[in-house]
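Q: Got a sequence here, can you model it:
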Amino acid sequence: MNPITPQQFLIRQPAFPDRKPSDKFYLDLANRLLKECVSAGLFPTLHESVLSRLAICVTGYYQDILSDAGLWRAFTTQCRRMYGHPVPFHSEPEGYIDAELNRIDIAFLIWYCIAMIDSDHRDLYPLHPDVISLSKLWHGILDAEYDEAPMPEEYNIGFQLEVHNPEDASGLYRFSHWLFLHSYLLTPAFTLNLAQLAAEARISEEGGESRLNDLLEEAMSLQPTGPLALYLKEWIYLVLHDRLPDEKDAEEGKTSKEVHKYYKAVTEATGGSPIAYFSDYQELNKFFITALGWQEGEDHLPQFKSHSDFVIQVDPEKGMLLARNVAKCIADPANPLYNAAYARRHAFDLLSVRGLCPPDLLQTILKNGWLPDAAFPDTDDRALVAENADFIARCYLQMFYRGD
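A: The predicted structure follows:
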């Protein structure tokens, strides 16, 4: 196992490319975590690059809580607001202290980092024995150093910044850039997006590196990221001001809109339900003709001919959405296609495969508890998924669930 290099470590530090006096201590610590993981025989199938990123990630968490930089505090505080506990997948143990060193924090980060950056372990069970064993091992190492570790002052680059202060503009940009592209907490969730942007830049007629930088700047403004799929502005407000940005009153200035024609047509055809299920393309196409009034004798949306198990959902304002290959997973009492045996094998995909299930439909499914069979692959722990379904969807799907 090759050690983590200074370059690999420093690029994740807020002060990069500058070096700070404490860098050597934390680089050595990250390498110690890496060495102890390998010596213990944990996660033997993980590539060394993934293990190195994992050790750097947990070291970043350690630097954050030692300096009280606020990123981890922002995450756990928002988790409490949304889900009632500080860390997904784990019950809050007695003695848990916010923004201090906790074993379940490390266990969560181990799962999160591996699942987000390693496509071969994307469906890793959060309570996998190796996750728990490594969290105990690393917690012991970090706890032993807790009182003597040097202060990583560079982690306080957001200290005293004000979002609305023009004099802080350059500091806010530097802070934002680190949060989105290099921080231990937000960056893992952006890995898949980054690979797609890099591929787009490579095939661009413009300069590859320049094009990638432009795409990253655009992503910083438009794409949610991190384990909660929050937008960068939301993360900044949480870290600096312990709240989300104020939202404009959704009703202010809102004018009455006519109900969408497809909403009327579908609910009339279904007896009032905004959702309809179809086993195959023939049924779906017939519905388009008889219920929606589309041209008789034509094959509508022929690109869907090779698919099955369709769901249509309508909204009074948005109109109609169509999902394919998902109906058998949805335990809606009114769904004649629901198949529990099939759902046990495939329901988790609705929470983890981007683009499979439209976000509005998935939100309806989760709100109504219609995904009871979903479990992490190779486990039967459906309760863990049921309790954390919204978080799982946010973390895996990102803008495909929270693209609002």
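
Q: for stretch 353-363, what is the average pLDDT?
A: Stretch 353-363 shows an average pLDDT of 97 in the prediction.

Q: Residues contacting that stretch, please?
A: The contact list for stretch 353-363, computed with Cβ atoms under 8 Å, 6 or more residues apart in numbering, reads 192, 311, 313, 315, 318, 321, 323, 325-326, 349-351, 365, 393, 396-398, 400-403. Quick note: C-beta positions are derived from backbone N, CA and C, even for glycine.

Q: Just the buried ones out of these, please.
A: By neighbour count, with 16 or more other Cβ atoms under 10 Å, the contacts of stretch 353-363 hold 192, 311, 313, 321, 323, 325-326, 349-351, 365, 393, 396-398, 400-402 as buried.

Q: just checking, what packs against the one helix or strand in the chain whose mean pLDDT sits lowest?
A: Ranked by mean pLDDT, DSSP states H and E, the weakest helix or strand in the chain is helix 191-202, scoring a mean of 82. Helices and strands touching helix 191-202, as assessed by 3 or more Cβ pairs under 8 Å, 6 or more residues apart in numbering; DSSP states H and E, comprise helix 103-117, helix 208-222.

Q: rerun at 7 Å
A: Judged by 3 or more Cβ pairs under 7 Å, 6 or more residues apart in numbering; DSSP states H and E, the packing partners of helix 191-202 are helix 208-222.

Q: and the helix it packs on with helix 191-202, angle?
A: Relative orientation of helix 208-222 versus helix 191-202 (axes from the mean of the first three to the mean of the last three Cα atoms, to 10 degrees): 140 degrees.

Q: and the least confident helix or strand of the chain with helix 103-117, angle?
A: 30 degrees.

Q: From here on, call the first residue 40.
A: Sure thing, new numbering starts at 40, so read that last one as helix 230-241.

Q: neighbouring contacts of helix 230-241?
A: Residues from elsewhere that reach helix 230-241, judged by Cβ atoms under 7 Å, 6 or more residues apart in numbering: Met155, Ile156, Gly247, Arg250, Leu251, Leu254, Leu255, Ala258, Gln262, Gln437.

Q: Which positions within that helix qualify as buried?
A: Neighbour-count burial for helix 230-241 flags Leu231, Asn232, Leu233, Leu236, Ala240 (criterion: 16+ other Cβ under 10 Å).

Q: What of stretch 395-402?
A: Leu395, Cys396, Pro397, Pro398, Leu400, Leu401.

Q: Centre of the chain to it, how far?
A: Here stretch 395-402 is found 15 Å from its chain centre; the criterion is Cα atoms, centre = their mean, to the nearest Å.

Q: and if you look at stretch 78-98?
A: Offset of stretch 78-98 from its chain centre (Cα atoms, centre = their mean): 21 Å.

Q: before we move on, what about stretch 260-274?
A: 9 Å.

Q: same question, stretch 40-50
A: On the basis of Cα atoms, centre = their mean, stretch 40-50 sits 26 Å off its chain's mean C-alpha point.

Q: what about the least confident helix or strand of the chain, distance to the chain center?
A: Put simply, helix 230-241 sits 17 Å off its chain's centre (Cα atoms, centre = their mean).

Q: Quick check: end-to-end length of stretch 262-280?
A: In stretch 262-280, first residue to last residue: 21 Å (Cα to Cα, to the nearest Å).

Q: Could you list the buried residues of it?
A: Applying 16+ other Cβ under 10 Å to stretch 262-280 flags 262-271, 273-279 as buried.

Q: ok, now stretch 371-387?
A: For stretch 371-387, by 16+ other Cβ under 10 Å, it's Asp371, Asn374, Leu376, Tyr377, Asn378, Ala382, Arg383, His385, Ala386, Phe387.

Q: Which among the contacts of helix 230-241 count as buried?
A: Met155, Ile156, Arg250, Leu251, Leu254, Leu255, Ala258, Gln262, Gln437.

Q: for the residues you listed, which one is nearest Gly80?
A: Distance to Gly80 across those (Cβ to Cβ) is lowest for Ile156, with 21.2 Å.

Q: Chain neighbours aside, what residue packs nearest to the closest one?
A: Nearest non-adjacent residue to Ile156, counting by Cβ to Cβ, 6 or more residues apart in numbering: Thr230, 4.7 Å away.

Q: That neighbour and Ile275: what is the separation?
A: According to Cβ to Cβ, to the nearest Å, Thr230 and Ile275 sit 21 Å apart.

Q: Next: Phe55.
A: As for Phe55, its distance to Ile275 is 19 Å (criterion: Cβ to Cβ).

Q: Could you do Asp281 as well?
A: Look at Asp281 and Ile275: by Cβ to Cβ, they are 12 Å apart.

Q: Name the SS class of Leu361, please.
A: Secondary structure, DSSP: H, G, I helix; E, B strand; the rest coil: Leu361 is strand.

Q: Next step: the buried ones among the contacts of stretch 392-402 restricted to helices.
A: Applying DSSP state H to the buried ones among the contacts of stretch 392-402, the entries found in helices are Leu231, Asp388, Leu389, Leu390, Ile404, Ala432, Tyr435, Leu436, Phe439, Tyr440, Arg441.
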